[in-house]
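J.: sequence and computational prediction follow.
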Amino acid sequence: MSDSFDVIVIGGGPAGYPAAIRAGQNKLTVACIDEWKNLDGAAAFGGTCLNAGCIPSKALLESTELYHRAHEEFAAHGIKAPDVTMDVAQMQKRKAGIVKTMTQGILALFKAAGVTPLQGHGKLLSGHRVEYTAHDGTRRELTAKNIILASGSAPIELRSAAFKSPQIVDSWGALEFPSVPKRLGVIGAGVIGLELGSVWRRLGSEVTVLEALPDFLAIADQQLAKEALRHFKKLGLDIRLGAKVTAANVAGDAVDVTYTDAKGEQKITVDRLVVAIGRRPYTKDLLGPGTGVELDERGFIKVDHECRTGAEGVWAVGDCVRGPMLAHKGKEEGVMVADLIAGHYGEVNYKTVPSVMYTAPEIAWVGLTEEQVKAQGKAYKAGVFPFMASGRARAMEQAQGFAKIIAAKDDDEILGVHIIGPMAGELIAEAVLAMEYSASSEDLQRTIHAHPTLSEALHEAALAVDKRAIDSINRY
Ligand SMILES: Cc1cc2nc3c(=O)[nH]c(=O)nc-3n(C[C@H](O)[C@H](O)[C@H](O)COP(=O)(O)OP(=O)(O)OC[C@H]3O[C@@H](n4cnc5c(N)ncnc54)[C@H](O)[C@@H]3O)c2cc1C
């Protein structure tokens, strides 16, 4: 194998591996170095997303949602299934199988694109050099005209609830529980905490979610957040806002958690505690001396809008740089950089990065929230369509939530779309495309949507922006 490449990518997660594949498609010689090892010690490409994040969490959300619906909804359809039970070991086996298939698939994609996979640690040295240490300890120096750093992120630890015992775990640990904890504590009511809390609640855990902030889902449109909170409470999540954890002490097989809220000091005891308070950029032993790559005050690798670091020929993408920590954001950055390196056009439109929570109902949004539009002092109009007025949602027995569109008052351009309801994560794609093309709400109003589909909710919400919805009362 050559030691010299056009491109070396350090990190084979959803930011790094697409960058490597696109570089290969662009006829560049490319190697992708990744050090991930799974709990069984096996090396695997795919990073957090495929091994311990997006994919395993969605597998468990799907299984537990089916189980929950069997209990809560089947009767309404006339389906009698009184003895539905969950085999947690089988659920976990299915999840592990999906992860294995998907991560091994990356190797096949690498082969097809001519990418050299290197499993082990990569360290950027000065002068276009990379030190590669294979998992067996063998060390080699590689060179490349361009180096893409895609080292990802790691869970933030809470000093008062350190990951030092099997009872206190991070999100990966919470994906691996072999049985249903009777009492589960979750610190952090963000996307990851709520998804994981939903998984285990649906299987019977008594779940308490402790969130330090006083507002629920502060990053989301507050009309949507309010609706979401109602559904999470209905599911049985005990969400406590303004609750700052001060201590978590393992006592036998349980954890005593102390927190403070507006009323003073509080205590709960749980069997497992998940710390899901966010993630931090991961750059451990990534940068050798004199590389010229700088980190900002929060540890992110500093980049410009095209993901160039300060060092010539060195780029950085994904969770290790600014912006939302989302797989699809990292993927687009990786592809953009590989195209720019090859002299092609490339860009990422950061205004249209969608966010999705795969809870039930699903929650998805793109663009500005109503609060953000107001804060910008922009004149706007908004339309809301409830799924209870959707024939398809009714037929699915999933008529909860709504679709909301916010458009500028002057030129009608869509500024933000917020959906809570069935398949919101799929529906948001239409809104992303519309915004990518700077569509107006009238553009959506004049677009034919098949009947009866869930997508009609977006059509009707667009009509509601001008108080012309047909299938619901124009109240907004
Ligand atoms: C439970 C959970 C659920 C999530 N669900 C979603 C979701 O539904 N949708 C979504 O968009 N996002 C989701 N995310 C976030 C998503 O996983 C991340 O945004 C995404 O993985 C970031 O991709 P990345 O390639 O930047 O980093 P990572 O996926 O973290 O990959 C980085 C890779 O680089 C390797 N690496 C690091 N340093 C080195 C080095 N020096 N040498 C060699 N290799 C190195 C790491 O081992 C890793 O394999 C979820 C995250 C979690 C934890």
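T.: Happy to help now that I have it. What you see is a predicted model, and the numbers here were worked out from it, not measured in a lab. Residues are numbered from 1 along each chain as shown.

J.: who are the contact partners of whichever residue of the stretch 301-450 of the chain sits closest to the ligand?
T.: When scored by Cβ to the nearest ligand atom, the stretch 301-450 of the chain has Gly318 as its residue closest to the ligand, at 2.3 Å. No exception for glycine: its C-beta is placed from N, CA and C like everyone else's. Counting by Cβ atoms under 8 Å, 6 or more residues apart in numbering, Gly318 makes contact with 11, 13-16, 150-152, 329-330, 333-334.

J.: flag every residue of the stretch 51-200 of the chain that's near the ligand.
T.: Listed as neighbours of the ligand in the stretch 51-200 of the chain under the rule Cβ under 6 Å from any ligand atom: 53-54, 57, 121-122, 150-153, 171, 192.

J.: so which of those residues are in strands?
T.: Residues of these located in strands (DSSP state E): 121-122, 153.

J.: same list (these) but as a markdown table, adding neighbour count and pLDDT.
T.: Listed next are these as a markdown table, based on neighbours: other Cβ atoms under 10 Å; pLDDT from 0 to 100:
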| residue | neighbour count | pLDDT |
| --- | --- | --- |
| His121 | 18 | 98 |
| Gly122 | 27 | 98 |
| Ser153 | 22 | 98 |
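
J.: turn those residues into a markdown table, columns for distance to Thr138.
T.: Listed next are these as a markdown table, based on distance: Cβ to Cβ, whole Å:
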| residue | distance to Thr138 |
| --- | --- |
| His121 | 11 |
| Gly122 | 13 |
| Ser153 | 28 |
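
J.: nearest to Asn474 among those?
T.: When those are compared for distance to Asn474, the smallest value, 43.4 Å, is given by Ser153; criterion: Cβ to Cβ.

J.: my guess is the closest one contacts Tyr282, does it?
T.: Yes. Here Ser153 reaches Tyr282: they are 5.3 Å apart, a contact under Cβ atoms under 8 Å.

J.: what do the two both touch?
T.: With the criterion set as Cβ under 8 Å, 6+ apart, the overlap between the contacts of Ser153 and Tyr282 is 319-320.

J.: who are the packing partners of the helix or strand encompassing Lys234?
T.: Counting by DSSP states H and E, the secondary-structure element that holds Lys234 is helix 222-235. On a contact count with 3 or more Cβ pairs under 8 Å, 6 or more residues apart in numbering; DSSP states H and E, helix 222-235 meets helix 191-202, strand 238-241, strand 362-367, helix 370-375, strand 402-408, strand 414-421.

J.: okay, these, which one's buried deepest?
T.: strand 414-421 (a mean of 28; mean count of other Cβ atoms under 10 Å).

J.: contacts for the following helix or strand past that one?
T.: The helix or strand immediately downstream of strand 414-421 is helix 424-436, counting by DSSP H and E. When contacts are defined by Cβ under 8 Å, 6+ apart, helix 424-436 is touched by residues 349, 351-352, 354, 356, 358, 361-367, 401, 403, 405, 414, 417, 419, 421, 443-444, 454-455, 457-458.

J.: which helix runs longest in the protein?
T.: If each helix of the chain is counted by residues according to DSSP state H, the longest one is helix 88-113.

J.: quick one: mean pLDDT for it?
T.: The pLDDT scores in helix 88-113 average 98.

J.: for it, packing partners?
T.: Contacts of helix 88-113 with other secondary structure elements, assessed using 3+ Cβ pairs under 8 Å, 6+ apart, are made with helix 16-25, helix 47-52, helix 54-72, strand 115-125.

J.: picking up where we left off before, in a markdown table: the helices and strands packed on helix 222-235, plus mean pLDDT.
T.: Written out in a markdown table, the entries for the helices and strands packed on helix 222-235 read as follows (pLDDT from 0 to 100):
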| stretch | mean pLDDT |
| --- | --- |
| helix 191-202 | 98 |
| strand 238-241 | 98 |
| strand 362-367 | 98 |
| helix 370-375 | 98 |
| strand 402-408 | 98 |
| strand 414-421 | 98 |
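
J.: let's have those in CSV, adding distance to Ser63.
T.: Supplementary listing: the helices and strands packed on helix 222-235 in CSV, determined by distance: least, Cβ to Cβ, whole Å:
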stretch, distance to Ser63
helix 191-202, 8
strand 238-241, 23
strand 362-367, 16
helix 370-375, 35
strand 402-408, 27
strand 414-421, 21
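
J.: residues in contact with the residue positioned nearest the centre of the chain?
T.: Geometric centre of the chain, nearest residue: Leu326, 4.7 Å, by Cα atoms, centre = their mean. Residues touching Leu326, when contacts are defined by Cβ under 8 Å, 6+ apart, comprise 353, 355.

J.: ok, 10 Å please
T.: By Cβ atoms under 10 Å, 6 or more residues apart in numbering, the contact list for Leu326 reads 14-15, 49, 54, 191, 318-319, 332, 353-356.

J.: what's the angle from the longest helix of the chain to strand 115-125?
T.: Here helix 88-113 runs at an angle of 90 degrees relative to strand 115-125 (axes from the mean of the first three to the mean of the last three Cα atoms, to 10 degrees).

J.: only the buried residues of helix 88-113, if you could.
T.: Taking 16 or more other Cβ atoms under 10 Å as the basis for neighbour counts, the residues of helix 88-113 that come out buried are 88, 91-92, 95-96, 98-99, 102-103, 106-107, 110, 113.

J.: so who does Leu83 touch?
T.: Not Leu; residue 83 is Asp. Neighbour list for Asp83: empty [criterion: Cβ under 10 Å, 6+ apart].

J.: how close does it sit to Gln266?
T.: 39 Å (Cβ to Cβ, to the nearest Å).

J.: do the same with Leu194
T.: Note on Leu194: its distance to Gln266, by Cβ to Cβ, is 21 Å.

J.: any idea how far Tyr67 is from Gln90?
T.: Looking at Gln90 against Tyr67, where the rule is Cβ to Cβ, the gap reads 11 Å.

J.: so Asp466 makes contact with Glu460?
T.: No. In this structure, Asp466 sits apart from Glu460 without contact. The criterion is Cβ atoms under 10 Å, and the distance is 11.5 Å.
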